[in-house]
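In: Fold the following, please.
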Amino acid sequence: MRDPDRDPATQPAPIDPMAYYFQDVLLLNRPDAVRLYLIRHGQSGGNAAREAGRAVEYDPPLTAVGEEQARRLGERMAQYGVDAIYSSPLQRAYNTGLAIARLTGHAITVLDDLQEINEPARRAGTDVETAPLPDGVTHQEIKRKFEQEPTWDNLPGSESSRNFRDRIVRAIDRIIEDNPGKKVAVACHGGVIQSYIAEILGLKSDFPFYCFNASITSVRAGGARRVLWRLNDLAHLDGMRMT
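Out: Numbers count the residues shown, from 1 in each chain. As a prediction, the model looks like this:
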């Protein structure tokens, strides 16, 4: 590649052409860009119940494993020096954010739109996981549809994929607008993170990857641009079983 620094008439004349070409695409050196740390809550009683084949209660707390995951996460995020903390209102997410807040001294801002898929309906007494299937529909058929087209729309009675994505984007856009140039921890849920990443990458699937408990997925935001910087980072959980 020809070096424009050798030709003073070439404007601009960057020292590192590749860095210059990509700095706006990847939001490098943008002081107003927001660094979002999207954090899935630590292991909850609901996660443990599913693993054991038991029914899941509404708004389960963190398990002892989840509390240790959150503690380690809090130490790591405190080292980053976050400027603000947001959370879903559900206790598994809030208490994960609280592990950060105890070390940083920040108050936690709770946003209802950061709730997991179907949680608003579950709070109102409607649980799609235990509700009877529509006549003529089997679990095998639903599973087959999920494999062919992995979106929330294929779960009978579920909040629609579009509505779920819209409320997540609404919440995160508010966070971005309120925190220019800041580092922001967002304690939320696996479905929230999966669907948000799918939305900013233009993917139809609501499940582009498995989101581990207490993982960090980092997104940089500036103007209308959203850039994925890291996915499912678990370095702070070294030695623990991934859940």
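In: The longest strand anywhere in the chain: partners in the sheet, and parallel or antiparallel?
Out: Counting residues, the longest strand found in the chain (DSSP state E) is strand 225-233. Looking at strand 225-233 with DSSP bridges, its partner strands are strand 216-222 (antiparallel).
In: what's in contact with the strand it pairs with?
Out: Contacts to strand 216-222, defined as Cβ atoms under 8 Å, 6 or more residues apart in numbering, come from residues 26-27, 30, 32-40, 73, 76-77, 176, 193, 196-197, 200, 211, 226-234, 236. The C-beta positions use only the backbone N, C-alpha and C, and glycine is treated the same way.
In: Would you mind checking the average pLDDT for it?
Out: Averaging pLDDT along strand 216-222 gives 98.
In: Quickly find the element holding the most centrally placed residue in the chain.
Out: The structure's the chain has its C-alpha centroid closest to Ile193; by Cα atoms, centre = their mean the separation is 2.7 Å. According to DSSP states H and E, Ile193 maps onto helix 190-201.
In: helices or strands up against that helix?
Out: Where contact means 3 or more Cβ pairs under 8 Å, 6 or more residues apart in numbering; DSSP states H and E, helix 190-201 is packed against strand 34-40, helix 161-178, strand 216-222, strand 225-233.
In: Go ahead and measure how far the first one is from the middle of the chain.
Out: It refers to strand 34-40. Mean-position distance between strand 34-40 and its chain equals 7 Å (Cα atoms, centre = their mean, to the nearest Å).
In: Can you report how many residues neighbour Ser88?
Out: Using other Cβ atoms under 10 Å, Ser88 is surrounded by 25 other residues.
In: Distance from the helix or strand containing Gly97 to the middle of the chain?
Out: Using DSSP H and E, Gly97 falls within helix 91-104. The chain centre lies 15 Å from the centre of helix 91-104; the measure is Cα atoms, centre = their mean.
In: which residues of this structure score low on pLDDT?
Out: 1-14, 120-130 (pLDDT under 70).
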